[in-house]
Structure formats: structure tokens, C-alpha cells
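> Sequence first, then the predicted structure, then my questions.
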Amino acid sequence: MRPLAIILLVLAAAPLSGRAASAVGAPEEPPQQRSPQASPQQEPPPPPAEPPPAKGGETYVTGDDRDFEPEVPARSLALGPVGRGDLLVSLDLGWLRSGLRADLGLGSWIDLTLRADTLLLYDRFRGQSGIYAGVRASPTSQGLFRASAELSVGQVFVPGDATMANLTAFRGSATAGLVLDLATLYGRADIRWVSNLKPAGPGWTRDAELGAGVERAFGRFVVGAEGFVWARPGLSGLGQWRVRVGMAI
Amino acid sequence: MSAWRSSLLASVLAAALAACGTRDVETHPFAIQVTPELPPGFDSYVLAGTGRIVAPTVFVLAGVVLAEGAAPIDVEVRFRDDVPGGVVLPAQLDGAPATLVLLRSGGGIGPDGEPLPFLGLRLATGTGAAIVDQLILFEGAYKGGGTDILPITQIDPRPDLPLFRVREDWSEFEPAECGPVYYDFLEVIGDDELFSLRREGRRDLTIGAADSTPWKILHVLSWHRRGKCQAQAEAWTEFAAWR
């Protein structure tokens, strides 16, 4: 019985370790077929013990999955959001308007937006220049389809012959797009009201922008281009464009 | 850089440059014409006769005596019919005794620098003291920086005439070739009412008795330029009022 007991113990231990198999004189594998686990220098730590199966087949999540990586939405200048506490600074160069913009993440889907624009390419700083502050909400910030809405208020300045004209502006914007692997495609509709707020003045005038654009993120950077129509009541639309470069900070 | 990338970049640049479009404001003056030529040396004329509407924008004042002892003549007044808003002669002027007030331009120019013989006119039914104004047309290169009342209602003034003033505004513009053109607004002053009209804005205004026929006021267009090409006017205002 004693040799049989020894043989049974060796057979039971053989699958666990090649080293143990070699110790009892088992034939060695050729080097090219040797498993990496067979090398004493590369022996990995033993795998964690699996949790005991739950009664009734239930599975418990312990929260210590080291392979879990939260999904980070692709950055988008047009659609947002930038993420809580993050800052996305961008430069627009376009016809008629060019500008600077900063989006600061206030929450997972709410951004504070600060923007300044001017008619740089058309009239440098002699035409309408404006500063705006607003809030952008991007409730659908994950997945293929995204949408956002933005409201902002600002001041428009126009240097006159002797004085600077001040106008108050409100802007509402809605953007929706598809976030694809290659690029982000989106459509945008804006409406803006402007007034000098003079008593007995002509009241609010409004204009609108309707356009489409494409963006692509490269790490911290986002580049994009957009074409849109500038529309005003009683006047035919005028084509506009802008290119955008943004950087996450 | 490969050939196709160069072509793509060139196409994008060409498209961007082509998209740097400018557009000037579209202005359609009344371009008032009067035949025959009236005697020179006057800033304005007040003529009386019998009215006849020949066409929606062509009026003949028959039996006008230009000077004491002169033979009566027919004076024809016409203005362009393509002005936005569809201004036409009021029907009550046809066949009625009528009074015509004409305001000379004095070397003024139109929006594109063309000669502008007349700034405006007023047409009224009746003659002498018992006249009722029915139509006012005015246009000219008036900037809104000042506060002057436009002169069309200052000649032979009457209490049932509204007052007009052009005001600069900066909220709406056209990106014209030589600089932006800003749309201005027209301020209208009645008895106890003051309001503003943007381009192609309309509003009724009652002056005097509550049951008097209200004026229908149309602000066709007003603008001023920040940069102009060659002979272009620096500013323009154009409006009409009728009963």
C-alpha cells in the first residue's frame, strides 16, 4: 500500500506544478513548448480565490474589479459636457465671427460657458464684439447620440464715432450629434435677441444660426469645422463658417 | 504631402475664401421725379391744382400756376413702384382739389451716389387753409447721430402731421464690402405718442381728434455705414405715411 499511496500523491500534485512533476522524474517539455508558468522566475502570484457560489446561483459584485475602467465620453466642443471640474478652452476662427471660449464643468452634465467674439477677419475689432456667460446642459452625454442645450446672456459692444454702443444679448442654442469612432457629426440651431434697451427704442431684434459641423478629438485636443447659415427676419440667409481648436486643461 | 491631400487642402482653402461673403444693404429709393422741370433756386414748392392718379405711383396735378400771370400747366410726379411695402397713391387724391409740397434735395445723393433731385413730397386733398394731408414720402442721406426732426413735415407745417427722426442703432448690420452697414430706426412723434420702427416696420398713428383718420406709417429703411466704397452715401433713411 505504501508505494501506491506515494504514486497517488504524485499524480494528484502533478497538474499543480511542473516543478513538482520534474522532481519526481517526469519527462521535460521541449524548451519551445514550455509554458511561461513553468519558469521559476516568471511564476505569477496565485490567483485570488473565487468567492463561494451563492445560494440559488446569485452573483455578488465585490467592487474590487481591477480591470474596470469607467467610460470616458469623447470630448466635444459642440456637444459637451467637459466633465466635473474640467476646463476646455477653445479658439474659433471664422467668417464673420471669431472668438475664444471656455467651458468649465460644473457637474457631470452641466457646464459653465464663457465666450468672447468679434468680427476679426471681417472688421477686426471695429464691429460688433461681445462677451457672454451661460450654462450648457448635456443630459445625453454618453453613447452614440448626444444632445445639449445652452442659454447665455451677454453684452455686445460697438465702437461708434465718439462713444461705445452697448447692447444686451440673449442666446439660446440646441445641438445634437452622433459620436462616431472616426469623428463627431452634429447639427446646431441658435437664436439670439439683441437690444439697446432704450426707452421708446425699437425693442429686440433677433437673428438665428442653423448649421452642421464635424469634430475629432486627439487626446486633450479637439479640432472641428462648421458651416452655418446666418438668418434674420426679412433678409435672405448668409453663409458662414468657422474652424475650432480646443484643448482640455 | 501627397497629391490628394494637397488637392483637398487647396479645395478647403478655396471654399473658405469663397465663403467669406459680403452683402450690402438692398436699398430701393422712391426716386421722385417731377416733370416739367420746376424753376430752380427754391428749396421747396407748394403747388395747388386738381389731382389725377394716372398709375398707382404716378400723379398729375392739373392746372398748376407756377407764377402770377403764367399759363396753367400739368405737373406730373412719379416714384418707383418697387419700394418694399408697396406704397401707392391714396385713392382719395384722384379727381380732388389737391396740394403738392415738394422738397428739393439741394445736391443730395442717393444710396449709391446717384443724383437725388427731391428729398420728399406731401400730397393733400383740398387747397388753401382747408387741406388734409394724405401722403408723405421722404428719403435722403440723413444720419441718426443728431436729434433733428426731418424736414418733410417742417415745410408749411400743420398740426395733423407727425414728426419723424432717424436714430442710430447698432444691433443689426450687413457685412458690406467696405465696412458694416448698420440698420437704424425711425422715431415717430405724434400728439402724445412716441414710438420707433425698425426697417419695414409699420404702425398706425392718430393725431388730433380721436375720430380722425389715422396715419399708416411705414419705415422702409434707414442705415448708416462704417466705411464706404467710392460714391456711396454714408447714411440713408426712407419712409412713407398715408391715410
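Yes, it's here.

> Can you give me the pLDDT of residue 199?
Using chain A here. Residue-level confidence at A:P199 comes out at 79, pLDDT.

> Oops, wrong one, chain B.
For B:R199, the model assigns a pLDDT of 93.

> Now do the contacts for it.
By Cβ atoms under 8 Å, 6 or more residues apart in numbering or on different chains, the contact set of B:R199 is A:234, B:183, B:219-222. Just so you know, the C-beta spots here come from the backbone N, C-alpha and C atoms, and that holds for glycine as well.

> go on, B:E172?
By Cβ under 8 Å, 6+ apart, the residues touching B:E172 are A:194, A:205, A:207, A:232, B:182-183, B:198.

> Sort out which of the contacts of B:R199 are buried, if you could.
Neighbour-count burial (16 or more other Cβ atoms under 10 Å in any protein chain shown) applied to the contacts of B:R199 gives B:183, B:219-222.

> Which residue comes closest to B:A91 once chain neighbours are left out?
Spatial nearest neighbour of B:A91, chain neighbours left out: B:I53 (7.1 Å); criterion: Cβ to Cβ, 6 or more residues apart in numbering or on different chains.

> Just the closest of the contacts of B:E172 to A:D181, please.
Nearest to A:D181, judged by Cβ to Cβ, of those is A:D207 at 35.5 Å.

> ok, what's across the strand from the closest one?
Counting by DSSP bridges, A:D207 is bridged to A:R192.

> per-residue confidence at it?
96.

> Tell me the confidence at residue 158?
Using chain A. pLDDT recorded at A:V158 is 94.

> if you could check chain B rather than the one you did, that'd help
Here, the pLDDT recorded for B:R158 equals 89.

> do the one 10 residues further on as well
As predicted, B:E168 sits at a pLDDT of 90.

> just checking, it touches B:Y183?
No: assessed by Cβ atoms under 8 Å, B:E168 is found out of contact with B:Y183, at 9.8 Å.

> okay, the contacts of B:E172 in a markdown table with secondary structure and distance to B:P117 next?
Formatted as a markdown table, those follow (DSSP: H, G, I helix; E, B strand; the rest coil; distance: Cβ to Cβ, whole Å):
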| residue | secondary structure | distance to B:P117 |
| --- | --- | --- |
| A:V194 | strand | 37 |
| A:T205 | strand | 34 |
| A:D207 | strand | 37 |
| A:R232 | strand | 33 |
| B:Y182 | strand | 27 |
| B:Y183 | strand | 26 |
| B:R198 | coil | 28 |
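
> got a winner among these for most neighbours?
Comparing the contacts of B:E172 by number of neighbours (other Cβ atoms under 10 Å in any protein chain shown), B:Y182 comes first, having 25 neighbours.

> quick one, what contacts it?
The contact partners of B:Y182, taken as Cβ under 8 Å, 6+ apart, are A:158, B:168-170, B:172-173, B:223-226.

> I'd like the distance between it and B:R225.
The gap separating B:Y182 from B:R225 is 8 Å, by Cβ to Cβ, to the nearest Å.

> okay, and for chain B, where does confidence drop off?
Scanning chain B for pLDDT under 70 picks out B:1-19, B:145-147.

> Any residues of chain A in contact with chain B? List them.
Contact residues, chain A versus chain B (Cβ under 8 Å from any Cβ of the partner chain): A:95-96, A:119, A:121-123, A:126-128, A:156, A:158, A:160-161, A:165, A:167, A:194-196, A:200-203, A:205, A:207, A:227, A:232, A:234, A:238-241.

> Generate a PyMOL selection restricted to the buried entries among the residues you listed.
The buried residues among the residues of chain A next to chain B can be selected in PyMOL (16+ other Cβ under 10 Å) with this line:
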select buried, chain A and resi 95+96+119+122+123+127+128+156+158+165+167+194+195+196+201+202+203+205+207+227+232+238+240+241
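
> quick one: the helices in chain A?
Taking DSSP state H as the test, the helices found in chain A are A:2-13, A:18-23, A:120-123.

> among the ones you listed, which gets the worst mean confidence?
helix A:18-23 (a mean of 38).

> Nearest to B:Q232 among the contacts of B:E172?
Checking the contacts of B:E172 against B:Q232 with Cβ to Cβ, the nearest one is B:Y182 at 14.0 Å.

> dump the residue contacts of the nearest residue to the closest one once chain neighbours are set aside.
Nearest residue to B:Y182 in three dimensions, chain neighbours excluded: B:F173, at 4.7 Å (Cβ to Cβ, 6+ apart). For B:F173, the residues meeting the contact criterion (Cβ under 8 Å, 6+ apart) are A:127-128, B:180-183.

> Closest one of the residues you listed to B:G49?
Distances from B:G49 to the contacts of B:F173, taken by Cβ to Cβ, are shortest for B:Y183, at 38.2 Å.

> so that closest one sits right up against B:H219, yeah?
No: using Cβ under 8 Å, B:Y183 makes no contact with B:H219, being 10.2 Å away.

> Would you mind listing what in chain B touches chain A?
Checking chain B against chain A by Cβ under 8 Å from any Cβ, the hits are B:16, B:19-23, B:145, B:167-173, B:175, B:179-180, B:182, B:185, B:187, B:194-201, B:226.

> In strands, which of those fall?
B:167, B:173, B:175, B:179-180, B:182, B:185, B:187, B:194-197, B:201 (DSSP state E).

> out of the residues you listed, which is most surrounded?
B:F185 (28 neighbours).

> Tell me who's in contact with the residue lying closest to it once chain neighbours are set aside.
Leaving aside its sequence neighbours, B:F185 sits nearest to A:P202 (Cβ to Cβ, 6+ apart; 4.2 Å). Contact analysis of A:P202 by Cβ under 8 Å, 6+ apart lists B:169, B:185, B:196-198, B:201.
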